[in-house]
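J.: Sequence below, structure please.
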Amino acid sequence: MVIDPASLPVAEIEWRGAVRIIRSIFPPIDLFEDIADPADWPLLIAAEQKTNPRLMETIGNLDLVPPGRRVSGPGASWLMAPFTHVSRDRPSRFSDGGFGVLYAGNRFEVALLETVHHHGRFMEATAQPPGWTSQFREIVLDIDAGLHDLRGLSEAAPLLDPVDYAQSQQLGERLHDVGADGVIYPSVRCPGGECAGLFHPDLASHPVQGRHLDYHWNGERVDLYRDRTAGEVYRIV
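T.: As a prediction, the model looks like this:
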């Protein structure tokens, strides 16, 4: 049985230096990085489309983000993109892909182990050969939000299943439908760590790029990561 959202406590979360790790292949989106008021974006898009017919492919579906919750300026691409580029082919723990969620860990190790897990599943599913793989970048940001709190709740165990996301996606949809900010929950991949899943981009702020990372696939798991910024290689145990 899915937990009734009304029964969940809401915690006021103020994280400074939360961490999100994303693929480096996605470049910043010019519209989001501009200092223009998001209220002016429709006019800017209409003008730009006359010379750039692929603009909407870059921006994604802007209609998925309510006008009052859009953010702009340096680093805004990292906050907006998870909500404008969504697909049911890319579900996550709290969404079946019908709406976006920005996930972040409360520290680097949490974000690392969460992304290492998902990258490893992809490499295994696509039968990739061993070697250094996709490049990633660390995004450091602040979070200020009232999040439905799954920490310390015994009845939340099915929502934290390592593989089956059915119940957590149902809860995420119900929370999203009633306008919730998101959820905070124990990391499934990093014991003692915490994760936040935000349902709106304006709940995060001050995003800055941190380290550049590479992951090494040994044919069975991601066993190493390389901090290209520092030139160091670390084993994942």
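J.: Low-confidence ranges, the protein, go.
T.: Applying pLDDT under 70 to the chain flags the ranges 1, 35, 43-44, 47-56.
J.: Which parts of it are strands?
T.: Along the chain, the segments classed as strands by DSSP state E run 10-23, 102-105, 131-149, 182-186, 194-198, 204-217, 222-227, 232-235.
J.: want to throw those strands into TSV with mean neighbour count and distance to Leu64?
T.: Using the backbone N, CA and C atoms, a C-beta is placed for each residue, glycine as well. Formatted as TSV, these follow (neighbours: other CB atoms under 10 Å; distance: least, CB to CB, whole Å):
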stretch	mean neighbour count	distance to Leu64
strand 10-23	17	18
strand 102-105	24	13
strand 131-149	18	18
strand 182-186	23	15
strand 194-198	24	14
strand 204-217	18	16
strand 222-227	18	31
strand 232-235	11	37
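J.: Tell me which of these sits nearest to Leu62.
T.: Of all the strands of the chain, the one in closest proximity to Leu62, counting by CB to CB, is strand 102-105 (15.9 Å).
J.: Of all the strands of the chain, which one comes closest to Arg174?
T.: Closest to Arg174 of these is strand 131-149 (CB to CB; 10.1 Å).
J.: roughly how far out does that closest one sit from the chain middle?
T.: Taking CA atoms, centre = their mean, to the nearest Å, the mean C-alpha location of strand 131-149 is offset from the chain mean by 6 Å.
J.: coming back round to it: please identify which of the strands of the chain is closest to Asp34.
T.: Asp34 lies closest to strand 204-217 among the strands of the chain, at 15.3 Å (CB to CB).
J.: Noted, bye for now.
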